[in-house]
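> My questions are about this predicted structure, shown below with the sequence.
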Amino acid sequence: MKITAGKQGFQTLNEQVREKLSHFDEIEIEDVNGQRYIGAAMDKGKTVRVYGTPGNDMGAYLSGGKIEVFGNAQEAVGNTMGGGEIIIHGHTGDTLGYAMRDGEIYVRNRAGSRAGIHMKEFENMHPTVVIGGITGAFLAEYMAGGTLIVLGLGREKGQEIVGAHCATGMHGGKIYIRGEIPQNNLSENINVSELNEAETAELYKCVKKYCELFKEDEEYVLKEKFYKLSPSSSRPYANLYTKN
Amino acid sequence: MNYIVPEFEIERNPNKCISCGACVRQCSYEVHYFDDDGKTVLADDSKCVACHRCAAVCPTRAIKIKKYDMAYKEHFNWTPTTQKEINLQAATGGVLLSGMSNNKPYPIYWDKILLNASQVTNPSIDPLREPMEIRTFLGKKPEKLEFDEDGGLKTKIPPQIQLETPIMFSAMSFGSISFNAQKSLAMAAKELGTLFNTGEGGLHPKLEEFKDNAVVQVASGRFGVHKQYLESGRFIEIKIGQGAKPGIGGHLPGEKVTVEVSNARMIPVGSDAISPAPHHDIYSIEDLRQLIWSLKEATCYKKPVAVKIAAVHNCSAIVSGVARAGADIIVMDGFRGGTGAAPTRIRDNVGIPIELALAAVDQRLRDESIRSCVSLVAAGSFRNSADIVKAIALGADAVYVASAPLIAMGCHMCQQCHSGKCNWGIATQRPDLVKRLNPEIMYKRVVNLINAWNHEIKEMLGGMGLNSIDSLRGNRLMLRGIGLSEKELEILGISHAGE
């Protein structure tokens, strides 16, 4: 089932999308030109394929559905996502996966600033974000759970894999970084360590999926060493206050 | 050496004390204890917070809590409180943390505004014998109504919330208050035909049955926010700011994240729940617009979306922007609003009174002809029904109350909400303390309070010759100031008494 977005506003487009999804499990949207909120709160069992450039908050509150973008995506992809899958065959903007609680996001190329900010996990909910390229400042700020992987593929000489203030206020979850970590960009309370067996298995599984999705050479990706970033405390602000 | 002088002193009447130990068992601050003889009850005054629990449970009324009588060399500037706070910080290096609300003697404008009443020319109305409408609708109102040839309504009316009273219960998360306290409010809201607000704590599965009376909140930490939660609420409230702590976020300390709290917030047990100061997807009015519309999209335009801000210096310009960003309801929380925990300095020094903010905002929206695009909800300390009547005359569509119903449930304003040791079972997660608050009893007290206020509101309306709260909304002719400066009267948009 195909829909053409063209120059429609987001309200009419998303109304059509919801209407079609009430009859079909899979739809394609062609000629997308920055329309926002595509696939917001979409349920499990529904798939949307997007051709063009979707607007901000694509897949916000995603509730189990799957979105695949053949192009670049804009800001706040998977905002407060509660489950499902988002695959982006290109770059994406800022605040990727803000506060996501479950599900997976795979980005072929770069992500902007504040990716994975406030990601969290709960019981069997465990969100995963894989960014193929480099990423901007404030990666994983306030991260409270889940797994974030940055591969830095296609990085040019002199480019840093993560931007400044990486993992500020992080108090849960794990970040796996491929290759050298720019120490100056790391926040104070962050430990850098090697991956243990279970973590390596998790990493391999995600890298394998990334390579299958985007036709990358798995062996090449895994040739470089990965490091793990984790918070030194789950209570970074425990001693900040005095009871008055 | 401990430099801190106790604030209170326990006076135990030995003629009345029967050494039953009720005070020892009841005090979570561990003030009372048995001497080595196992009979004599003693007290460590330095731990007392004057919550009155011991005095209330003492079967012989043997306990009195008094101010600690310590003389200081007189100094207007360096008060005992100031010295105490310096010593606390000198000992710990910590940010001072307080509970409840701004306790400094700033002007309370409600007490400087007088209401009108009818005499002769416009007869007053007796609500005991004539209908008096206080039903309130919240939501965006259409600019005009269009009808088809058969007289049917053509205009699509944006979603509206019907309340049987203009009084709602403000956001207090499960975490900041106990399950039993939140349940009491939920039960009261249901019986009263009004709403309670989950705060940023998610909706506990056991409160699902009250979802038709719930406001669900989306704050910067996005705790417990998911599709079903958004669909549960009658309306969705984006929390930008809170009157007790404008401009900062919130930290629910790990020790308050019990199994139950963790289930509602959807975070691991014992982890800090950190709500950053800003929403990191909102750095501008345009970004706020994006969040408002994403929530509308996610709920198929069935739910009004509210935005709550703290009353701050330039709030009228901010509210104008928020209205234009598409909010259906705007909540303003004044600087006397309550909190489970806030840095003392922020609680006591940031923000402005709701009276001035409300008057300024209502006027600004009228001047810009966008007043009917939004409903205005005022919050930030309503102590009684007269405060509420004055707020509605200043332009509020409805109000949020929280401290008053908490007092109805036992709160004695000891301002230790942040300690997690609330002896009245309100601001605590300790099971032994929580069970002291019986929702079946307490919800009725809250219902009584609001019913009494509803009746008083009707009396005051009737006295003014009005039979509907809609006729009072923004009707500042019903207000006069007393002892206010020209500037204050100008901002409030009211005349002085006698004019």
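All right, it came through fine.

> buried residues in stretch B:265-285?
Using 16 or more other CB atoms under 10 Å in any protein chain shown as the burial criterion, the residues of stretch B:265-285 that qualify are B:265-268, B:270-276, B:279-282. For every residue, glycine as well, the C-beta is placed using N, CA and C.

> near chain A, anything from it?
Yes: counting by CB under 8 Å from any CB of the partner chain, chain A is contacted by stretch B:265-285 at B:Met266, B:Ile267, B:Pro268, B:Gly270, B:Ser271, B:Asp272, B:Ile274, B:Pro276, B:His280, B:Asp281.

> possible to save these as CSV with pLDDT and secondary structure?
Formatted as CSV, the residues of stretch B:265-285 next to chain A follow (pLDDT from 0 to 100; DSSP: H, G, I helix; E, B strand; the rest coil):
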residue, pLDDT, secondary structure
B:Met266, 87, coil
B:Ile267, 87, coil
B:Pro268, 85, coil
B:Gly270, 84, coil
B:Ser271, 83, coil
B:Asp272, 82, coil
B:Ile274, 85, strand
B:Pro276, 87, coil
B:His280, 88, coil
B:Asp281, 87, coil
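
> State the number of residues packed around the residue lying closest to B:Asp387 once chain neighbours are set aside.
In this structure, B:Asp387 finds its nearest non-sequential neighbour in B:Trp110, 4.5 Å apart by CB to CB, 6 or more residues apart in numbering or on different chains. Counted by other CB atoms under 10 Å in any protein chain shown, the residues lying close to B:Trp110 total 20.

> now do A:Asn239
Using other CB under 10 Å, A:Asn239 is surrounded by 11 other residues.

> what do you get for B:Glu490?
11.

> For chain A, what's its nearest residue on the stretch 301-450 of chain B.
Relative to chain A, the nearest point of the stretch 301-450 of chain B is B:Thr344 (4.9 Å; CB to the nearest CB).

> Do I have it right that that residue meets A:Asn244?
Yes: with contact defined as CB atoms under 8 Å, B:Thr344 and A:Asn244 form a contacting pair (4.9 Å).

> which residues do the two both contact?
When contacts are counted by CB atoms under 8 Å, 6 or more residues apart in numbering or on different chains, B:Thr344 and A:Asn244 are jointly contacted by B:Glu85, B:Leu96, B:Leu97, B:Ser98.

> Can you spell out which residues form a bridge with the second one?
So that's B:Leu96. Beta-bridge pairing for B:Leu96 (DSSP bridges): A:Thr242.

> Can you give me the distance of it to B:Ala90?
Distance, B:Leu96 to B:Ala90, using CB to CB, to the nearest Å: 12 Å.

> of these two, who's got more company?
Taking neighbours as other CB under 10 Å, B:Leu96 and B:Ala90 compare with B:Leu96 leading, 20 against 10.

> pretty sure the more buried one is in contact with B:Leu88, am I right?
Yes: with contacts counted by CB under 8 Å, B:Leu96 reaches B:Leu88, the gap being 6.6 Å.

> my read: A:Lys120 touches B:Ile267, true?
Yes: using CB under 8 Å, A:Lys120 is in contact with B:Ile267, at 5.8 Å.

> Show me the common contact partners of the two, please.
By CB under 8 Å, 6+ apart, A:Lys120 and B:Ile267 have these common neighbours: A:Ala144, A:Gly145.

> Need the pLDDT of the residue in the stretch 1-150 of chain B that chain A sits nearest to.
Ranking the residues of the stretch 1-150 of chain B by distance to chain A (CB to the nearest CB) places B:Gly94 first, at 3.2 Å. Looking at B:Gly94, its pLDDT reads 94.

> secondary structure class for the one residue sitting closest to the centre of chain A?
Nearest to the mean C-alpha position of chain A, by CA atoms, centre = their mean, lies A:Val129 at 3.8 Å. Of the three states, A:Val129 takes strand according to DSSP: H, G, I helix; E, B strand; the rest coil.

> my read: it touches A:Asp102, true?
No: A:Val129 lies out of contact with A:Asp102 (CB under 8 Å); the separation is 11.7 Å.

> is the residue nearest to the centre of chain A in a bridge, and if so with what?
Beta-bridge partners of A:Val129, counted by DSSP bridges, are A:Ile105, A:Leu148.

> which residues sit in contact with it?
By CB under 8 Å, 6+ apart, A:Val129 lies in contact with A:96-97, A:100, A:104-105, A:107, A:115-116, A:119, A:146-149.

> nearest spatial neighbour of B:Gly221, skipping sequence neighbours?
Spatially, and ignoring its direct neighbours in sequence, B:Gly221 is nearest to B:Ser275 (3.7 Å; CB to CB, 6+ apart).

> Give me the neighbour count for A:Phe24.
11.

> A:Lys209 now?
16.

> Name the helix or strand for it, please.
Taking DSSP states H and E as the definition, A:Lys209 sits inside helix A:197-214.

> What would that helix look like as CSV? C-alpha coordinates only.
This file holds the C-alpha atoms of helix A:197-214, laid out as CSV (Å, rounded to 0.1, in the frame of the first residue of the first chain):
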residue,chain,number,x,y,z
GLU,A,197,32.1,-11.8,27.5
ALA,A,198,28.4,-11.0,27.7
GLU,A,199,28.9,-7.5,26.5
THR,A,200,31.0,-8.7,23.6
ALA,A,201,28.2,-11.1,22.6
GLU,A,202,25.7,-8.2,22.7
LEU,A,203,28.0,-6.0,20.7
TYR,A,204,28.6,-8.7,18.0
LYS,A,205,24.9,-9.3,17.7
CYS,A,206,24.2,-5.6,17.1
VAL,A,207,27.1,-5.2,14.7
LYS,A,208,26.0,-8.2,12.8
LYS,A,209,22.5,-6.8,12.4
TYR,A,210,23.9,-3.4,11.4
CYS,A,211,26.1,-5.0,8.7
GLU,A,212,23.2,-7.0,7.4
LEU,A,213,20.9,-4.0,7.3
PHE,A,214,23.4,-1.7,5.6
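
> who's in contact with the very next helix or strand once past it?
Following helix A:197-214 in sequence order, the next helix or strand is helix A:218-223 (DSSP H and E). For helix A:218-223, contacts defined as CB under 8 Å, 6+ apart pick out A:Leu151, A:Leu153, A:Arg178, A:Tyr204, A:Val207, A:Lys208, A:Tyr210, A:Cys211.

> and those residues, which are buried?
Buried among these (16+ other CB under 10 Å): A:Leu151, A:Leu153, A:Arg178, A:Val207, A:Tyr210, A:Cys211.

> picking that back up, wait, which of the contacts of helix A:218-223 is closest to chain B?
Nearest to chain B among these: A:Leu151, at 23.6 Å, using CB to the nearest CB.
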